[in-house]
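> here is my input, please return the structure:
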Amino acid sequence: MTEAGSGNLGPVGDKAGPGDTTAGMASAAAANGVAPGHILVLGECLADLAPAGGTAEDLLPGRAAGRRAGGATGAAPGATIREVVGATGPSGRDQARQNLVALPGGGPANIAVGLARLGAPCTFAGRFSRGGFGPWLRRNLVDNGVDLSFSVDADEPATIALVTLDSHGRASYTFYGPTTADWQWAPSELPDLGGQHHGGRAVKPAVKAVHTGSLVLALEPGAGAITGWLGDLRQNGRVLISFDPNVRPGFVGDLAAYRDRLTEVVRNSHVVRASSEDVEAVYPGAPLRAAAEKWLSLGAALVVITEGPDGATAFREDGATVHCDPPPVELADTIGAGDAFTAALLAYFGDHGLLDPSRIAHLDEAQLRAAVTQAVAGGSLTCSRVGADPPSRAQLDRFLADQG
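Purely as a prediction, here's the structure:
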């Protein structure tokens, strides 16, 4: 499988319908006799400006494509910037232009949509601009069945990321910030999960797990507020904490300071999901096992590292490892693959009553292999579709069944 961060969240291709969302679909947890609990995802929800095209080949640099992202398989809820390459300007000279489509994105928001499509009750905590892209980003999450009762209305504008694809369809991002809405969290805006309250209201059903990471922990003032909040949650001990660093070196700035913060966040996390690219960015030249063992020694109970087309390896506190190779797929692009992996991993834990710190610490090999197998399948399936288009429960189950 392959890695990516933010991408489009629209119902592209064989999309999840109303019956596949949290509101209209009984979670697989119920089928397993498990009482479902909400997973709270906290982080950025931003607007991606991506090359407009229907296939990875169309999206490559130099390819002028007149179709919106999603191509023949369906239309994402994006606004196309329809500029033609080589258009003639007022001066009579050719102007270099590019077709772009605006798509809802952000790694944590991708994960929230992925969870909801898999039937996992999910709440997203984000800071949504009152104007510009903000209402559109908010509406897309609601349309995908994500609860937004923990989210905040913000005066700052939404963040924008420019997406670039290389000759293999791998995505990279240029972010426009950091004074935008996503990074301005104040302690008073974060939910009180120790008492299971938010905004003076009791939280029902109770939040059993929190997932965060990506750029929201890279920039102040929000990064400091969220880091302290996670420390309080870990000390309380009632909520499972999952963390995905999703490192963007060009956006982090002071890497040494970021490494110190990452160490503190890992110390307060039970599950860490990272890519081999994340490890290389934070610990250049370090073997994956060495990074995993460091994070386990800091306090994580489970570390899962994805390795692109080489699959993923899970590392436990007792030194045991589980590796899963990805099923073969025809690559469309890598946008959102890592986020789909994380969503499928957390959904498995939720479906099997494992959203609990003590249960994660004592996963047996069979449970862990099944969880990573589902996660790898979710990431691989997303790689076969244009953009960050995480699968529904029915799609993922069918894909797993086809793999035998």
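> okay, CA-based contacts and neighbour counts for the rest of this
Fine.
> and the longest helix anywhere in the chain, what's buried?
In the chain, taking DSSP state H as the definition, the longest helix is helix 365-383. For helix 365-383, burial by neighbour count (16 or more other C-alpha atoms under 10 Å) applies to 367-369, 371-383.
> ok, now stretch 397-404?
So for stretch 397-404, counting by 16+ other C-alpha under 10 Å, buried means 399-400.
> who touches it?
Stretch 397-404 has contacts (C-alpha atoms under 8 Å, 6 or more residues apart in numbering) with 327, 374, 377, 381.
> repeat for stretch 180-190
43-46, 126-129, 150, 152, 154-159, 198, 216, 219-223, 225-226, 229.
> hang on, the earlier thing: distance to Pro121 and pLDDT added to the contacts of stretch 397-404, as JSON lines?
Below are those laid out as JSON lines (distance: C-alpha to C-alpha, whole Å; pLDDT from 0 to 100):
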{"residue": "Pro327", "distance to Pro121": "27", "pLDDT": "92"}
{"residue": "Gln374", "distance to Pro121": "18", "pLDDT": "97"}
{"residue": "Ala377", "distance to Pro121": "20", "pLDDT": "96"}
{"residue": "Leu381", "distance to Pro121": "21", "pLDDT": "94"}
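> between those, which sits nearest Asp278?
Set against Asp278, the nearest of the contacts of stretch 397-404 by C-alpha to C-alpha is Ala377 (20.6 Å).
> quick one: contacts for that closest one?
326-327, 341, 396, 399-400.
> hang on, the earlier thing: narrow the contacts of stretch 180-190 to just the buried residues.
43-46, 126-129, 150, 152, 154, 156-159, 198, 216, 219-223, 225-226, 229.
> take the residues you listed and keep only those in helices.
Going by DSSP H, the helices hold 222-223, 225-226, 229 from the buried ones among the contacts of stretch 180-190.
> show me where the stretch 201-350 of the chain has its strands.
Using DSSP state E, counting those that start in this stretch, the strands assigned to the stretch 201-350 of the chain run over residues 201-202, 207-213, 240-244, 271-275, 302-306, 312-316, 321-324.
> low-confidence stretches in the stretch 51-200 of the chain?
Across the stretch 51-200 of the chain, residues meeting the criterion (pLDDT under 70) sit at 53-96, 169, 194-200.
> please redo it, this time with the cut-off set to 80
Residues of the stretch 51-200 of the chain meeting the criterion pLDDT under 80: 52-98, 165-172, 177, 194-200.
> repeat that for the stretch 251-400 of the chain.
Applying pLDDT under 80 to the stretch 251-400 of the chain flags residues 251-254, 386-387.
> quick one, helices of it?
Taking DSSP state H, counting those that start in this stretch as the criterion, the stretch 251-400 of the chain carries its helices at 255-267, 276-282, 288-298, 337-351, 357-361, 365-383, 393-402.
> quick one, the longest one and strand 302-306 angle?
Meaning helix 365-383. If you take axes from the mean of the first three to the mean of the last three C-alpha atoms, to 10 degrees, helix 365-383 sits at 30 degrees to strand 302-306.
> identify the bridge partners of Leu165.
Taking DSSP bridges as the rule, Leu165 bridges to Ala171.
> any idea how far it lies from Thr180?
24 Å (C-alpha to C-alpha, to the nearest Å).
> which parts of stretch 319-326 are buried?
Buried residues in stretch 319-326 (16+ other C-alpha under 10 Å): 321-326.
> next one: stretch 123-136
123-130, 133-134, 136.
> dump those into JSON lines; add distance to Asn268 as well.
Output for the buried residues of stretch 123-136, formatted as JSON lines (distance: C-alpha to C-alpha, whole Å):
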{"residue": "Thr123", "distance to Asn268": "21"}
{"residue": "Phe124", "distance to Asn268": "20"}
{"residue": "Ala125", "distance to Asn268": "19"}
{"residue": "Gly126", "distance to Asn268": "21"}
{"residue": "Arg127", "distance to Asn268": "23"}
{"residue": "Phe128", "distance to Asn268": "27"}
{"residue": "Ser129", "distance to Asn268": "29"}
{"residue": "Arg130", "distance to Asn268": "32"}
{"residue": "Phe133", "distance to Asn268": "33"}
{"residue": "Gly134", "distance to Asn268": "31"}
{"residue": "Trp136", "distance to Asn268": "33"}
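> how about stretch 237-257: buried residues?
Those would be 238-248, 251-252, for stretch 237-257 by 16+ other C-alpha under 10 Å.
> which of the buried residues of stretch 123-136 lies closest to Phe349?
Of all the buried residues of stretch 123-136, Phe349 sits closest to Thr123, with 16.2 Å by C-alpha to C-alpha.
> which SS class is the closest one?
Here Thr123 is strand, with the state taken from DSSP: H, G, I helix; E, B strand; the rest coil.
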